[in-house]
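Engineer: Have a look; sequence and predicted model below, questions after that.
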Amino acid sequence: MKTTKTFKQMKRDGEPIAMLTAYDAPSARLAERAGVDMILVGDSLGMVVLGYDSTVPVSVDDMVLHTKAVKRGAPNTFVVTDMPFLTYHSSFSETAGHVRRLLQEAGADAVKLEGGADIASTVQRLTAAGVPVVGHIGLTPQSVGVLGGYRVQGKAQEEGEQLLADAQALEQAGAFAIVVECVPKQLGALLAKEINVPIIGIGAGAETDGQVLVYHDVIGYESERVAKFVKQYTAVSPIIEEGLASYVTDVKQRAFPEEAHTYTTNDTGWLAVYGGDKK
Ligand SMILES: Nc1nc(=O)c2c([nH]1)NC[C@@H]1CN(c3ccc(C(=O)N[C@@H](CCC(=O)O)C(=O)O)cc3)CN21
Ligand SMILES: CC(C)C(=O)C(=O)O
Ligand SMILES: [Mg+2]
């Protein structure tokens with residue numbers, strides 16, 4: 001299995017890191033078979049799987065359940081799990097308790113935290129305790145209420161310089177990789193150049209050390225309203241819908257099940273009492 005060391009080496013070698021989210025065993029199995037370098041059990045789970053309209057309602061229990069499923073499906077892939085909203089801003093012992101569940105109980109290989117210099121001391125303590133940590137800066141969806149929407153970040157000099165300082169603080173604190181979301185390509189390139197740990201972009205241009213996208217966006221599964229940074233590589237929703245509609249039609253027309261899908265018995269004599277075996 002790839003490790004934090006592998007990812008740092010990939011940056012040095014200029015080999016892009018392909019990261020993808022997954023939330024359940026079959027999708028994780030397909031991601032592993034497709035050669036994904038690193039799976040993220042993202043708290044986007046709340047939006048693409050659980051039907052919430054933000055990532056804010058997602059719980060540690062949710063992340064534990066889905067991380068377990070992902071590890072069962074992709075036992076040989078490095079799995080990063082998102083720490084949910086407001087689970088790493090109180091005491092360190094509370095934060096550590098949640099991290100312990102995600103790593104020990106669920107089997108995650110690392111955790112990801114949203115924030116920069118503001119959470120660097122937490123990242124430092126986790127790393128010192130032996131926890132591999134991924135940072136996440138730029139558009140941080142858990143702060144959608146503060147940001148006032150899902151908007152591009154770091155367009156102006158002051159914001160861009162703050163994001164560079166945030167990335168430096170995270171690297172200094174021991175983060176082994178940093179996700180950078182929804183920033184101008186020029187800032188993505190600058191971060192990849194200035195920071196010595198892999199910068200994994202989502203809407204951060206082509207010059208970052210890797211890319212991450214949401215599974216459902218990549219396969220076009222009930223994700224029509226997508227951000228500009230998404231490329232839909234296939235469109236499974238119409239295929240699924242067509243299959244489901246055919247099933248309903250077949251049931252209504254008694255075209256399903258066919259003989260191939262049914263069981264039978266030779267001991268039918270006793271059925272005569274009830275009016276006989278119909279077939
Ligand atoms: N399906 C899905 N994909 C994601 O990438 C994703 C989620 N859900 N849920 C959690 C967060 C939310 N994310 C989002 C959501 C919307 C935009 C968006 O529409 N951005 C605008 C920016 C426009 C601007 O500021 O100029 C866009 O049009 O791209 C970006 C990131 C990323 N994450
Ligand atoms: C969009 C990625 C980076 C994420 O944090 C998530 O899927 O929750
Ligand atoms: Mg997330």
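Structural biologist: Alright, I've got the coordinates. It should be emphasised that the depicted structure is a prediction, and the values quoted were computed from it without experimental measurement. Ligands and ions are numbered 1, 2, ... in the order given.

Engineer: For the rest of this, base every contact and every neighbour count on C-alpha atoms.
Structural biologist: Noted.

Engineer: Could you count how many residues lie near K2?
Structural biologist: Look at K2: counted by other Cα atoms under 10 Å, it has 12 neighbours.

Engineer: Make sure I have this right: it is in a strand.
Structural biologist: No. Going by DSSP: H, G, I helix; E, B strand; the rest coil, the assignment for K2 is coil, not a strand.

Engineer: these two touch, right, it and T77?
Structural biologist: Yes. At 7.0 Å, K2 counts as touching T77 under the criterion of Cα atoms under 8 Å.

Engineer: So for those two, which residues contact both of them?
Structural biologist: Common neighbours of K2 and T77 are listed as D37 (criterion: Cα atoms under 8 Å, 6 or more residues apart in numbering).

Engineer: For L30, grab phi and psi.
Structural biologist: Main-chain dihedrals, L30, degrees, to the nearest 10: phi -70, psi -40.

Engineer: Could I get the pLDDT score of it?
Structural biologist: Per-residue pLDDT puts L30 at 98.

Engineer: for K278, same thing?
Structural biologist: Taking K278 on its own, its pLDDT is 57.

Engineer: again with Q172
Structural biologist: 98.

Engineer: That one - how many residues pack around it?
Structural biologist: 18.

Engineer: Now it: which helix or strand?
Structural biologist: Using DSSP states H and E, Q172 maps to helix 157-173.

Engineer: Could you tell me the angle between the direction of the helix or strand following that helix and that of helix 157-173?
Structural biologist: Sequence-wise, the next helix or strand downstream of helix 157-173 (DSSP H and E) is strand 177-181. Taking axes from the mean of the first three to the mean of the last three Cα atoms, to 10 degrees, strand 177-181 and helix 157-173 form an angle of 160 degrees between their directions.
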